[in-house]
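A.B. asks: Quick one, fold the following:
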Amino acid sequence: MALNRREVLGTLGGLVVGSTLAATVGHVAAAPFDQTSAPFGWTPHKLDPAACAKTAYDGYWFNGYGCCYGTFYAIIGTMAEKYGAPYNQFPFTMMEVGKSGISEWGTICGSLLGVASAFALFYGRKERDPMVSTLFRWYEKTAFPMYNPGDAAKGVKGALPTSQSDSVLCHISVSRWCTLSKVDQSSVTRSERCSRVTADVAAKGIAILNAKIDGSFVVADKSEAVAACGECHGKGKQVDNVKGKMDCTPCHGGSEHVQNKFKGHP
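C.D. replies: Numbering: from 1, shown residues only. Below you'll find the model as predicted:
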C-alpha cells in the first residue's frame, strides 16, 4: 500500500533509522570510522525544486517540527524516498532543533540551517562555503514569502504580505515582516509565512545543488555593506575586530532601534 506524504515523513523521520539501529544490537562494534582518510560526503542527486518546495512546506507543519526540518527533509528526505540508503538512515527528527532560529533563540533562520546542513553531507568546506554564501546572500535580498500553496494551505489561505529582511537572522526576518505586515509573531498567519519561506529556501537550495552537480554553479556577489566595512574592520586592516559575512546594516545602520550607535560612522 502506498504511503501518503505524512506517513512517509513519519517513517523516514524515525522508523527506518530505528530499525537500522535495532539491527545492530548484539553485534560486535565496528572499528572506529577513520575520518582522516575516508572520502568526504554522500553522492548528491539532482531534484525538482518545485516538487521539493511542497515537501518542505509540508515538512514545516509535520508534528510542528518547523523550518529547519522542512528544508532538510525536502532535500535528504526526497533522496531517501527515491534512492534509499544511505539517505534513509539519517535521523531526520534531529533537525527539529533548528526551529525558530535554533530552539526559539531567533538566531540563524532554521530554513537556511537545514539547507546548509544538507550541503554539508555532500561537500567539504572549500566547495560548500560558496554554496552557503550564495544561498544566504539571496535570502538577505529576497522579499518573502513567494510560495503559495493555494487550497492546500495548512495555516491560512491566500496571498501574504512580503518583506525583505536584509538579514539571515530569524529574529530580524520575522520581526521585520510582522512589523510591516501588522501581524503578531505568535499567530498562525506568521507560521504560515514561515512555512512558505521554508518552501522558498528549499527550492533555492536545490537550484544551487543542481547547478553544483551540473558544473554551472556561480557564486553570488559580495554585499556592498560587508565590503565597505571590511575596508577598516577586515583581516589585516586598521581595526581587525569584525567576523562574519552578514549584511552589516540591519544591526549597524544607525537607526533608533540600535540607539544610533553607528550614525555618522565613517
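
A.B. asks: Go ahead and report the secondary structure state at the closest residue to P149 other than its chain neighbours.
C.D. replies: Once flanking residues are discounted, P149 sits nearest to Y57: 5.7 Å by CB to CB, 6 or more residues apart in numbering. No exception for glycine: its C-beta is placed from N, CA and C like everyone else's. Y57 falls in the helix class when you classify it by DSSP: H, G, I helix; E, B strand; the rest coil.

A.B. asks: Give me the neighbour count for Y57.
C.D. replies: 27 (other CB atoms under 10 Å).

A.B. asks: Let me know whether it touches R196 as I believe.
C.D. replies: Yes - between Y57 and R196 there is a contact at 6.7 Å, judged by CB atoms under 8 Å.

A.B. asks: can you list residues touching both of these two?
C.D. replies: By CB atoms under 8 Å, 6 or more residues apart in numbering, Y57 and R196 have these common neighbours: Y147, P149.

A.B. asks: Excluding chain neighbours, what is closest to I75?
C.D. replies: Counting by CB to CB, 6+ apart, A118 is the residue found nearest to I75 once chain neighbours are left out, at 4.1 Å.

A.B. asks: Run through who's touching the helix or strand where that neighbour lies.
C.D. replies: Using DSSP states H and E, A118 sits in helix 110-120. Under the contact criterion CB under 8 Å, 6+ apart, helix 110-120 has outside partners 41, 56, 66-76, 95, 98-102, 128, 131-132, 135-136, 139, 168, 170, 194, 197-198, 200-202, 204-205, 209.

A.B. asks: Just the pLDDT for the residue lying closest to L9 once chain neighbours are set aside.
C.D. replies: Nearest residue to L9, sequence neighbours excluded (CB to CB, 6+ apart): F62, at 4.8 Å. F62 is assigned 97 on the pLDDT scale.

A.B. asks: ranges for the strands of the stretch 101-250 of the chain?
C.D. replies: For the stretch 101-250 of the chain, the strands defined by DSSP state E, counting those that start in this stretch cover 143-144, 163-164.

A.B. asks: partners of the first one in the sheet?
C.D. replies: For strand 143-144, the paired strands and their directions (DSSP bridges) are strand 163-164 (antiparallel).

A.B. asks: helices and strands of the chain: which one has the lowest mean pLDDT?
C.D. replies: helix 16-22 (a mean of 38; mean pLDDT, DSSP states H and E).

A.B. asks: What are the buried residues along the strand or helix carrying A80?
C.D. replies: In this assignment (DSSP H and E), A80 forms part of helix 78-83. Applying a neighbour-count criterion of 16 or more other CB atoms under 10 Å, one finds T78, M79, A80, E81 buried in helix 78-83.

A.B. asks: tell me what the longest helix along the chain is packed against?
C.D. replies: Counting by DSSP state H, the longest helix found in the chain is helix 188-214. On a contact count with 3 or more CB pairs under 8 Å, 6 or more residues apart in numbering; DSSP states H and E, helix 188-214 meets helix 49-61, helix 67-72, helix 110-120, helix 125-140, strand 143-144, helix 170-181.

A.B. asks: okay, these, which one's buried deepest?
C.D. replies: Per residue and on average, the most neighbours among those fall to helix 67-72, with a mean of 32 (mean count of other CB atoms under 10 Å).

A.B. asks: Dump that helix to CSV, keeping only the CA atoms.
C.D. replies: Provided in CSV are the C-alpha atoms of helix 67-72 (Å, rounded to 0.1, in the frame of the first residue of the first chain):
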residue,chain,number,x,y,z
CYS,A,67,11.6,25.3,9.1
CYS,A,68,15.0,23.5,9.5
TYR,A,69,13.4,20.1,9.4
GLY,A,70,11.3,21.2,6.4
THR,A,71,14.2,22.2,4.2
PHE,A,72,16.5,19.4,5.3
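
A.B. asks: Thanks a lot, catch you later.
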